[in-house]
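> fold the following and give me the result.
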Amino acid sequence: QVQLVESGGGLVQAGGSLRLSCAPSGRIVSISVMGWYRQAPGKQREMVAVISSGGSTNVADSVKGRFTISRDNAKNTVYLQMNSLKPEDTAVYYCNADVRTSYFSASRDYWGQGTQVTVSS
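Okay, here's the model as predicted:
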């Protein structure tokens, strides 16, 4: 069973920075797309940024120029560097990965447990 373990959330003042990390545990054959999503209270979960195994990225307009997604394929780890944080970035941030655990089965989606990011004004 694969688990995605997130770290790096916390409380920061507006204008500050945080770096989120997410690494899977368990048997892994390959990981294609990895990404970060967030959900604020009373709102739907939304995509923040995703990155392919080849390094192609897609970043939400609301964070473009402030957040950077990257990954270390050797460590199967994805990062989200968040700069110039705003109070509206406050949310629970979830890691997502499309993971293949066997050569004889298709990949499937996995989600982390979420990490709270709170930005104070």
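
> make sure residue 88 is indeed in a helix.
Yes. In this structure, residue 88 lies within a helix as judged by DSSP: H, G, I helix; E, B strand; the rest coil.

> confidence score at the most centrally placed residue in the chain?
Taking C-alpha atoms, centre = their mean as the criterion, residue 36 is the residue nearest the geometric centre of the chain, at 2.7 Å. The score at residue 36 is 98. That number is its pLDDT.

> ok, it - contacts?
For residue 36, the contacting residues are 20, 22, 47-50, 69, 78, 80, 93-96, by C-beta atoms under 8 Å, 6 or more residues apart in numbering. The C-beta positions use only the backbone N, C-alpha and C, and glycine is treated the same way.

> what separates the residue of the chain most remote from its centre from residue 48, distance-wise?
In the chain, the residue that sits farthest from the middle, by C-alpha atoms, centre = their mean, is residue 104; the gap is 27.2 Å. Here the criterion is C-beta to C-beta, to the nearest Å. By it, residue 104 lies 33 Å from residue 48.

> if we can go back for a sec, most neighbours among the contacts of residue 36, which one is it?
With neighbours taken as other C-beta atoms under 10 Å, the top of the contacts of residue 36 is residue 78, carrying 28 neighbours.

> any chance you could map the strands in this structure?
Using DSSP state E, the strands found in the chain span residues 3-7, 10-13, 18-25, 30-39, 46-51, 57-59, 67-72, 77-82, 91-100, 108-111, 115-120.

> tell me who's in contact with the closest residue to residue 8 other than its chain neighbours.
Across the structure, with C-beta to C-beta, 6 or more residues apart in numbering as the measure, the residue nearest residue 8 apart from its sequence neighbours is residue 20 (4.2 Å). When contacts are counted by C-beta under 8 Å, 6+ apart, residue 20 touches 6, 7, 8, 9, 36, 79, 80, 82, 93, 95, 115, 117.
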